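K.L.:
only the shape, not the letters, is given here:
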């Protein structure tokens with residue numbers, strides 16, 4: 001598992017590199033599954049990354065109407081695990097793409113039945129981190145070890161090309177033939193690199209990085225707001241600077257100029273479908289930091305005002321966030337202390353904010369998706 005939230009974050013990059021020399025993965029079995037519920041619109045998928053080195057990443061399916069939980073949806077369908085460690089999940093139609101960091105592979109999954117239909121091998125020693133769709137056949141993934149963005153065809157498994165980025169790219173987005181990568185430098189691990197604190201801009205047509213945008217230290221996440229033509233970058237303080245704030249930067253997608261910045265402690269940024277609101281987990285890197293809000297916050301993108309919505313009163317580690325426009329609910333992946341099974345918390349926002357449902361899932365739930 002990649003711990004973004006503790007002082008020893010950089011040690012796991014070293015562990016990954018060593019682990020590659022001994023890790024392996026078997027080919028999915030072509031088996032037929034029976035006696036289980038298939039995913040449908042309104043159901044919730046929760047990706048749980050598990051612990052690095054334990055081969056316990058899993059995908060949980062929650063049947064929203066009945067409350068049924070299939071804790072390990074993929075293994076049930078394939079007699080096959082997701083590998084070690086699964087850090088992201090993106091969904092387009094009936095296809096889910098999940099990168100597995102330690103194994104250096106991409107899993108392509110039919111979300112209707114949970115079957116893995118393709119495993120894509122990446123570059124040697126790759127540590128795939130975050131993914132984004134480009135179109136109905138292409139996607140891109142950041143490679144934390146090789147400092148690259150890798151573009152691949154998930155329909156046939158072909159690697160199209162790989163392009164250099166800044167140091168240790170994590171978050172990735174796509175807009176109008178441009179790929180953006182958040183070059184985190186992996187926190188304290190490589191923060192003195194001359195290209196740390198930047199966002200790489202890659203042109204799909206030329207297959208080259210054409211620009212680096214200045215961001216801030218340890219920039220980890222990107223989000224496109226298509227309706228307002230804006231790019232948002234979330235950065236967090238270095239573990240060695242526990243009392244400092246991170247923030248969110250807003251850029252104009254046409255000029256790539258910086259427009260606004262909010263100093264806060266952001267994780268898992270979400271943008272409403274109408275582009276008017278940005279939701280995020282707002283919590284200090286370490287629990288010992290006092291007098292700082294911990295929970296879910298919202299930015300009104302018209303006024304720029306930040307408001308706090310849901311307080312994390314137990315000081316658990318909230319690890320994933322999903323805002324569901326359909327019914328104005330907020331879904332939270334609660335990792336608790338990172339070492340036990342986590343929870344999916346569902347809060348209503350209307351007529352008032354309150355916890356309405358809670359489900360037990362796997363360890364370290366890092367990505368949530370409500371099926372359309």
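P.N.:
On my side now, so go ahead. Given the structure is predicted, the values throughout are model-derived calculations rather than measurements.

K.L.:
use CA for all of it now, contacts and neighbours both
P.N.:
Will do.

K.L.:
tell me if residue 293 really is in a helix.
P.N.:
No. Counting by DSSP: H, G, I helix; E, B strand; the rest coil, residue 293 is not part of a helix but coil.

K.L.:
could I get the pLDDT score of it?
P.N.:
At residue 293, the model reports a pLDDT of 85.

K.L.:
repeat for residue 103
P.N.:
89.

K.L.:
likewise for the one 3 residues further on?
P.N.:
Reported pLDDT at residue 106 in the predicted model: 96.

K.L.:
after the helix or strand containing it, next one along is what?
P.N.:
Here residue 106, judged by DSSP states H and E, is contained in strand 105-110. Once the chain leaves strand 105-110, the next helix or strand it forms, by DSSP H and E, is strand 115-121.

K.L.:
which neighbours does that next one have in its sheet, and in what orientation?
P.N.:
Partner strands and pairing direction for strand 115-121 (DSSP bridges) are strand 105-110 (antiparallel).

K.L.:
can you give the distance from the strand it pairs with to the centre of its chain?
P.N.:
Chain-centre distance of strand 105-110: 15 Å, with CA atoms, centre = their mean, to the nearest Å.

K.L.:
confirm that residue 247 sits in a strand.
P.N.:
Yes. Counting by three-state DSSP, residue 247 is found in a strand.

K.L.:
where in this structure is pLDDT low?
P.N.:
Scanning the chain for pLDDT under 70 picks out 1-37, 243, 285-291.

K.L.:
could you rerun that using 80?
P.N.:
1-37, 75-77, 79-81, 83, 239, 241-244, 284-292 (pLDDT under 80).

K.L.:
can you check the distance spanned by stretch 120-127, start to finish?
P.N.:
Using CA to CA, to the nearest Å, one end of stretch 120-127 lies 13 Å from the other.

K.L.:
what's it in contact with?
P.N.:
Outside stretch 120-127, the residues that touch it by CA atoms under 8 Å, 6 or more residues apart in numbering are 16-17, 20, 100-108, 143-146, 154, 157-159.

K.L.:
helices or strands next to the host helix or strand of residue 224 in the packing?
P.N.:
Assigned by DSSP H and E, residue 224 belongs to strand 219-225. Applying 3 or more CA pairs under 8 Å, 6 or more residues apart in numbering; DSSP states H and E, one finds that strand 219-225 makes contact with strand 169-175, strand 178-183, strand 230-235, strand 266-271.

K.L.:
what pairs with the third one, and is each one parallel or antiparallel?
P.N.:
Read it as strand 230-235. Taking DSSP bridges as the criterion, strand 230-235 forms sheet pairs with strand 219-225 (antiparallel), strand 246-252 (antiparallel).

K.L.:
run the chain-centre distance for the first one.
P.N.:
The offset between the C-alpha centroid of strand 219-225 and the centroid of the whole chain comes to 10 Å, using CA atoms, centre = their mean.

K.L.:
residues in contact with that strand?
P.N.:
So strand 219-225 is contacted by 169-175, 180-184, 197-198, 230-236, 267-271, 275 (CA under 8 Å, 6+ apart).

K.L.:
the inter-axis angle of that strand versus strand 266-271?
P.N.:
Here strand 219-225 runs at an angle of 10 degrees relative to strand 266-271 (axes from the mean of the first three to the mean of the last three CA atoms, to 10 degrees).

K.L.:
helices of this structure, residue ranges please.
P.N.:
Taking DSSP state H as the test, the helices found in the chain are 11-20, 73-78.

K.L.:
how close does residue 85 get to residue 247?
P.N.:
The gap separating residue 85 from residue 247 is 27 Å, by CA to CA.

K.L.:
neighbour-wise, which of these two wins?
P.N.:
The neighbour count for residue 85 versus residue 247, taken as other CA atoms under 10 Å, is higher for residue 85 (30 against 20).

K.L.:
OK, contacts around that one?
P.N.:
Per CA under 8 Å, 6+ apart, neighbours of residue 85: 1, 49-53, 55-57, 100-103.

K.L.:
and those residues, which are buried?
P.N.:
The neighbour count (16 or more other CA atoms under 10 Å) marks 1, 49, 50, 51, 52, 55, 56, 57, 100, 101, 102, 103 as buried among the contacts of residue 85.

K.L.:
residues contacting the closest residue to residue 44 other than its chain neighbours?
P.N.:
In space, and not counting its chain neighbours, residue 44 is closest to residue 370: 4.5 Å by CA to CA, 6 or more residues apart in numbering. With contact taken as CA under 8 Å, 6+ apart, residue 370 is in contact with 41, 42, 43, 44, 45, 324.

K.L.:
returning to that earlier point: in TSV: the strands paired with strand 230-235, plus distance to residue 75.
P.N.:
Below are those laid out as TSV (distance: least, CA to CA, whole Å):
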stretch	distance to residue 75
strand 219-225	29
strand 246-252	37
